[in-house]
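> generate a structure from the sequence data that follows.
(2 chains)
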Amino acid sequence: MARESFDKEIQFLRLLALTGDAYNRQQFAARLGISVHTYDKTLRYLKEMMNANQQGLSGEQGMELTEAIRYNHYESADPLLLFLYRAKSIKASESMRLSLLLSAMREQALTAMELMDRCSESMPADYPVPDEKTIRGDLKYLEEIGVIFRMDGKRPYRYRASTDLVDMLTDDELIDLYDYVDILANTQIPSVQGYLLRDTLKKALRLRGLEADITDSHVYKYHYHSRILDEAHLNTIYQAIEARRKLAFLYLSPKKEKRYAARNTNPLFERESEGIDLTVLPLKVIYDHQYGRWYLIAHGKQGVMKFRMEGLTGVELSDAVTEDEFGMRLAHAERQLQQSWVIDSMRPLTVKVRFFRPEGSAHDFVRERVESQGQWGTITEESETTFIYEIVVNGITEIKPWLRSFGSSCEVLAPPWLRKEFIAEWKEIQSYYEPVREDL
Amino acid sequence: MNPFEKIFNYQILSRMEETGAFALTSQERIWLKSMLELEAARHAFAPETLDKLNMLLQGEEPFHLQRIIVEKGRNKERHVYHPLLRQLRRFIIKEQGIRLTTALKHGGQKANQTGIPYKLEYSMVKREWYLLWYGTRQHSLMSTKLRNIVELHAWDLPMERAASAKARLLQLLEQRKRTALVEVIPQYNAELSRILSAFSCFDKKVSYEEASDTYRIHIQHLADESEFLLSKIRFLGLRVKVIDEGYMRRRMIEASTKALMRYEE
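Residues are numbered from 1 along each chain as shown, chains lettered A, B, ... in the order given. Take a look at the predicted model:
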């Protein structure tokens, strides 16, 4: 069975989150590799979801999507990109039925037949009354995902909503739990399930009349919102790794202009796709806190391969390998990445730099930052005003931006060619701002 | 653990809102179970509550997703949760005034400061919690690390004073807003995704001019965030350029000039 893919929505939301309203419709559609018609349709669907999500909240109706997604940590900690995970299509009658069933089972344990009666009583006239088979199918699904459980006892079985986690808590405890989930979802990875739970708890607080306690008193500064879009593939990758199976996908390098390619389902008209079809053995995923981005580390034809998670589309499980092969590939990748600043697996080299303590400040924030971000590098005291930092790292591409971010507080000592590169770069950066105009 | 379950569908969500029901899936509980294993949980709950939660989650399968994840470039974490959060969030909701004693950076303490708490802020960079508050003696907006709060008490002030203090606080916050305009050097447009990602932790708008294929990033930030923004701009090196006149630009000239002086022999 074809799995519903959210690749289009993921790319759409990412582009929207990154560029806001920079593009017009045609430009946006062209960059995604979709038609303007598809652009309009997707945007309409996302807006519909956004408005449904904001029901009963203070959100202004008809707020522009770009405005809603825009980062503003003093106003909202609600991650709007989460609605990607609320996009699975469902029939209106089914959503009606499932919510009826759940509210009935929240009050008491009921049998399938009793639930059927409840449904026929409460389903609006324009929806079909469900038959027994449908109800049993629903119960099976809800039990599988842990939303309800079957009570002990004889047939006919009774089912109840699994809401003890909320119901057994006092008001104060529920507030503490809400806060904890809010904090952990915002500061840890993976976070999608945490955000979903946060929404559920929010609802539970509202049902208890504790609306006033749902606050935006917690704010998170320097957050990478779009990281939750990449978590979409995490589950499939996890399954593949656990089962030692390969993954097949179409990789669209994020460096290309086009971010998504609609696949023609009729093979006769299949056009040459812009990406590369690959089958690789997944080993690990890496989250880079500097950019809020995810990478997949895998073994493929070229040995250890690295992919930006945002370039993966149409991800599917493929053949299994032996435990031995997996172990060998993983050990090899781990060795290669041992000294990677992020994912670089170039030849290791020693980088040595001098850091200058801030002038005229008693607080040495340079030292504090180097200690906090300098990974496995070592620090040696040099003088009152300087200290030396040394690290063996795979290639310099990834550590270079970090060193540069210290500006004039950092002087590269070795390797000599890196020192030269820094001088050349600073000269060029300086030239960006010339001629220097003096404000008199 | 498929996050795309149909039960999460937005229509079900709003329908359930009407019927007073909610769905709690095992994947949400499993996620919570793994998060309760963290040290932070001990500070966030009363011991009985934590026991109760662990008991309620007993039947859930443990979660191993973390096993496949490696985190890179992460700052050392000071804390995820701070014990004062529980009390402070309740003060904020009740709009309760506070009296606090804080530890000073270079030793010593400052006692009996009074004010109105505004927000609890976690910095993903510093990896610790701050209290943003309005100091009624200093008449200014304060940001205090929670770990520097030695003592905290409720403090009552007349309603009208609280209201005017709150108004003043919002006014001060507004006054501290700054903007910066950064241009992506077109020859680096292929790296646009990386560049925009780096700025995505700020409140930003992007504009695009098709004729010159040029992107500009309009960033809004608070005055005390300038340093962090500058470090991001330096991080990106030749890829971007500050184009509006003013503080940021002056600082970039200063950084490049001083950096070059370091290399003079």
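
> which residues touch the closest residue to residue B:39 other than its chain neighbours?
Among residues not flanking residue B:39 along the chain, residue B:80 sits closest, at 7.9 Å (CB to CB, 6 or more residues apart in numbering or on different chains). The C-beta positions use only the backbone N, C-alpha and C, and glycine is treated the same way. Shown in contact with residue B:80 (CB atoms under 8 Å, 6 or more residues apart in numbering or on different chains): A:183-184, A:187-188, B:38-40, B:127.

> let me see the contact set for residue 197.
As the question left the chain open, I've gone with chain A. Residue A:197 touches A:181, A:185, B:24, B:28-29, B:31-32, counting by CB under 8 Å, 6+ apart.

> right idea, wrong chain: chain B
Residue B:197 touches A:18, A:224, A:226, A:291-293, counting by CB under 8 Å, 6+ apart.

> filter these down to the ones close to chain B.
For chain B, the contacts drawn from those by CB under 8 Å from any CB of the partner chain are A:18, A:224, A:226, A:291-293.

> find the closest residue to chain A in chain B.
residue B:26 (2.7 Å; CB to the nearest CB).

> okay, that residue: pLDDT?
Residue B:26 is assigned a pLDDT of 93 by the prediction.

> and for residue A:129?
Predicted confidence (pLDDT) for residue A:129: 85.

> then residue A:409?
You'll see residue A:409 listed with a pLDDT of 95.

> do residue B:2 as well
Residue B:2 is given a pLDDT of 84.

> neighbours of it, how many?
Residues lying near residue B:2 (other CB atoms under 10 Å in any protein chain shown) number 15.

> redo the contacts of residue B:80 as a markdown table? Include neighbour count, distance to residue A:144 and pLDDT.
As requested, the contacts of residue B:80 are exported to a markdown table (neighbours: other CB atoms under 10 Å in any protein chain shown; distance: CB to CB, whole Å; pLDDT from 0 to 100):
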| residue | neighbour count | distance to residue A:144 | pLDDT |
| --- | --- | --- | --- |
| A:183 | 25 | 30 | 94 |
| A:184 | 24 | 26 | 94 |
| A:187 | 19 | 31 | 91 |
| A:188 | 18 | 27 | 90 |
| B:38 | 14 | 28 | 91 |
| B:39 | 10 | 33 | 91 |
| B:40 | 20 | 31 | 93 |
| B:127 | 17 | 38 | 91 |
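
> quick one, longest strand in chain A?
strand A:276-288 (DSSP state E).

> that strand near chain B at all?
Yes - residues of strand A:276-288 contacting chain B under CB under 8 Å from any CB: A:284-288.

> tilt between the next helix or strand after that strand and strand A:276-288?
Scanning forward in sequence from strand A:276-288 by DSSP states H and E, the next helix or strand is strand A:293-300. Here the directions of strand A:293-300 and strand A:276-288 differ by 130 degrees (axes from the mean of the first three to the mean of the last three CA atoms, to 10 degrees).

> tell me, how many residues neighbour the closest residue in space to residue A:163 that isn't next to it in sequence?
Spatial nearest neighbour of residue A:163, chain neighbours left out: residue B:24 (5.5 Å); criterion: CB to CB, 6+ apart. Other residues near residue B:24 come to 27 when the count uses other CB under 10 Å.

> tell me if residue B:106 really is in a strand.
No - counting by DSSP: H, G, I helix; E, B strand; the rest coil, residue B:106 is not found in a strand; it is coil.

> one step back: so the residue nearest to residue B:39 sits in a strand?
No - per three-state DSSP, residue B:80 lies outside any strand segment and is coil.

> what's across from the closest residue to residue A:298 other than its chain neighbours in the sheet?
Leaving out its chain neighbours, the residue that sits closest to residue A:298 by CB to CB, 6+ apart is residue A:280, at 3.9 Å. Assessed by DSSP bridges, residue A:280 has beta-bridge partners residue A:247.

> top of the residues of strand A:276-288 next to chain B by neighbour count?
That'd be residue A:285 among the residues of strand A:276-288 next to chain B, by other CB under 10 Å, with 26 neighbours.

> what number of residues are in the vicinity of the residue in the stretch 51-200 of chain A that chain B sits nearest to?
Of all residues in the stretch 51-200 of chain A, residue A:146 sits closest to chain B, at 2.7 Å by CB to the nearest CB. Residue A:146: 20 surrounding residues under other CB under 10 Å.

> chain neighbours aside, what residue packs nearest to it?
In space, residue A:146 is closest to residue B:26, 2.7 Å off (CB to CB, 6+ apart).

> for the one you found, what are its contacts?
By CB under 8 Å, 6+ apart, the neighbours of residue B:26 are A:145-147, A:162, B:60-61.

> again with residue B:79
Residue B:79 sits next to B:40, B:127-129, B:147 when contact means CB under 8 Å, 6+ apart.

> if I look at it, how far off is residue B:39?
9 Å (CB to CB, to the nearest Å).

> over to residue B:127?
To residue B:39, residue B:127 is 14 Å away according to CB to CB.

> can you give me the neighbour number for the closest residue to residue A:344 other than its chain neighbours?
Leaving aside its chain neighbours, residue A:344 sits nearest to residue A:395 (4.1 Å; criterion: CB to CB, 6+ apart). Residue A:395 sits with 18 neighbouring residues when counted by other CB under 10 Å.

> who's in contact with residue A:395?
When contacts are counted by CB under 8 Å, 6+ apart, residue A:395 is found next to A:340-341, A:344-347, A:349.

> please see if the longest strand along chain B touches chain A.
Assignment by DSSP E gives strand B:109-123 as the longest strand of chain B. Yes - legend: contact between strand B:109-123 and chain A by CB under 8 Å from any CB is shown at B:119-123.

> make TSV from the residues you listed and add neighbour count to it.
What follows is the residues of strand B:109-123 next to chain A, written out as TSV (neighbours: other CB atoms under 10 Å in any protein chain shown):
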residue	neighbour count
B:119	21
B:120	24
B:121	19
B:122	27
B:123	20
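
> tally of neighbours for residue 181?
Picked chain A for this. For residue A:181, the count of nearby residues is 25 (other CB under 10 Å).

> nope, chain B please
Counted with other CB under 10 Å, residue B:181 comes out at 17.

> in what helix or strand does it lie?
According to DSSP H and E, residue B:181 maps onto strand B:177-184.

> gap between the residue nearest to residue A:344 and residue B:181?
Taking CB to CB, one finds residue A:395 at 33 Å from residue B:181.

> circling back: give the buried residues for the strand holding residue B:181.
Neighbour counts over strand B:177-184 (16 or more other CB atoms under 10 Å in any protein chain shown) mark B:178, B:180-184 as buried.
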